[in-house]
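Engineer: Build me a model:
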Amino acid sequence: MVWHARIKTLVACAVAMLICGAGVTGDISKDFQKKEAEGFTGYHQDTCGFCYDAITDDREGFSAENITFDDAWFKGTDTFHPFEWWYFDAVFENNYSVEFHIDLAMVNGVGTVAPMVNIYRDGELISHEQRFLLPGAFDAHQEHRIILSGTTFLEGYVNATGCWIFNVSLHMGECGVDLRFASMTEGWKAKILNMWWWGVIQPKAQVTGHISFRGERMEVSGVGYHEHGWDATFPTVEGWYWGKVTGTTFTIIWTDVVRHPWKEYLMMVVNEDGGGYVNIPLEDITISMTNYTYNDGWKIPTSFRFTIENETIRADISAETVNIVHQISFGPFNYWRYHVHVQGTVTREGHMERIDSFQIMDLTRFW
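Structural biologist: Numbers count the residues shown, from 1 in each chain. Take a look at the predicted model:
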């Protein structure tokens, strides 16, 4: 009975963490000005300057490592690692964008499978669907294939040129996606503290296919991103920011994980189309956040700047908020999805590329 009680408690917590969409709110603008600060440390500096001045800022970094095609597929959950997920997003040429994912929260066949689809136009959420399914709806027994509720959700292969191809199909209510993600650069993975493996399967992918909403089926083409997280336990951090910068040939994936107000972990990885990835040393990275506003009582930034000062790579990038959706609001657990206008330059070995694109990023807070 004690063991079953622990499983039920674990699953209850998992469901709480996976409840999405109930707290969807409207837009915010980027006009509310606040003084410059950096990440979560900036929030604490702004609200308690005396305390902040007494604390030494402590930063560490993560490093990417090589990934295999098998890392894209189901790894399995257990008592100590009950979570696993697959996440996709894409920004299309017609000003539409999409984010969809499947979250697993289960132990020994007890728990839930939570698929979600979000469709946006000009950064505004126009269609949203989510389900909570029993574990039996999820089937990953076939190699390089995941089935959800009897229908293939994800299948993939490596083509003759070595390109990773993933076909994704997910339909719920008025939302649906039928998309092909073809890798444009090499993937990688990183261990995020001792909480989970973050597999960036496709840092940049060419995306083609169809999206469906409100009875309309639309052909789309654009650029996307695909990740898989596994061996995941309950987070032991205050929260994190995550985002990407996608140019004509360069892609930058970044994250800022805050363990507590004076301890953060930064990571930037640069990919080049048709090539590999480069870890940027911590001392060469700057991430700053400004123009804070209040969204449902939480103070969050709306302007971002990223710089890299490296022997071979230099970057100066700004990201201005176009729209924010408060996607999850469940007690202390909150999740915001941003659409941002990204501008700047990336230079590698004398080749400079100007960036001017719209991207998806997010902010997660647990307390």
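
Engineer: my read: Glu186 touches Val278, true?
Structural biologist: No. With contacts counted by C-beta atoms under 8 Å, Glu186 stays clear of Val278, the gap being 10.6 Å. (Each C-beta comes from the backbone N, C-alpha and C, glycine too.)

Engineer: Common neighbours of the two, please.
Structural biologist: Taking C-beta atoms under 8 Å, 6 or more residues apart in numbering as the criterion, Glu186 and Val278 both touch Asn271.

Engineer: These two: which has the busier surroundings?
Structural biologist: Neighbours were tallied for Glu186 and for Val278 using other C-beta atoms under 10 Å; the higher tally belongs to Glu186 (21 against 17).

Engineer: wait, is that one part of a helix?
Structural biologist: No. If the criterion is DSSP: H, G, I helix; E, B strand; the rest coil, then Glu186 is coil and not within a helix.

Engineer: Quick check: closest non-adjacent residue to it.
Structural biologist: In this structure, Glu186 finds its nearest non-sequential neighbour in Gly276, 4.6 Å apart by C-beta to C-beta, 6 or more residues apart in numbering.

Engineer: Check the gap between Glu84 and Glu320 for me.
Structural biologist: Relative to Glu320, Glu84 is positioned 34 Å away (criterion: C-beta to C-beta, to the nearest Å).

Engineer: Check Ala90 too.
Structural biologist: According to C-beta to C-beta, Ala90 and Glu320 sit 21 Å apart.

Engineer: Of those two, which one has the most company?
Structural biologist: Taking other C-beta under 10 Å, Ala90 and Glu320 do not tie; Ala90 has more neighbours (27 against 14).

Engineer: So what pairs up with that one in the strands?
Structural biologist: Here Ala90 shows beta-bridge partners Val98, Gly224, assigned using DSSP bridges.

Engineer: you'd agree it is up against Val207?
Structural biologist: Yes. Judged on C-beta under 8 Å, Ala90 makes contact with Val207 at a distance of 4.3 Å.

Engineer: quick one on the thing from earlier: neighbours of the residue nearest to Glu186, just the number please.
Structural biologist: Applying other C-beta under 10 Å, we find 13 other residues in the vicinity of Gly276.

Engineer: Using the three-state scheme, assign the nearest residue to Ile119 once chain neighbours are set aside.
Structural biologist: In space, Ile119 comes closest to Ser127 once its chain neighbours are excluded; the distance is 4.2 Å by C-beta to C-beta, 6+ apart. Ser127 falls in the strand class when you classify it by three-state DSSP.
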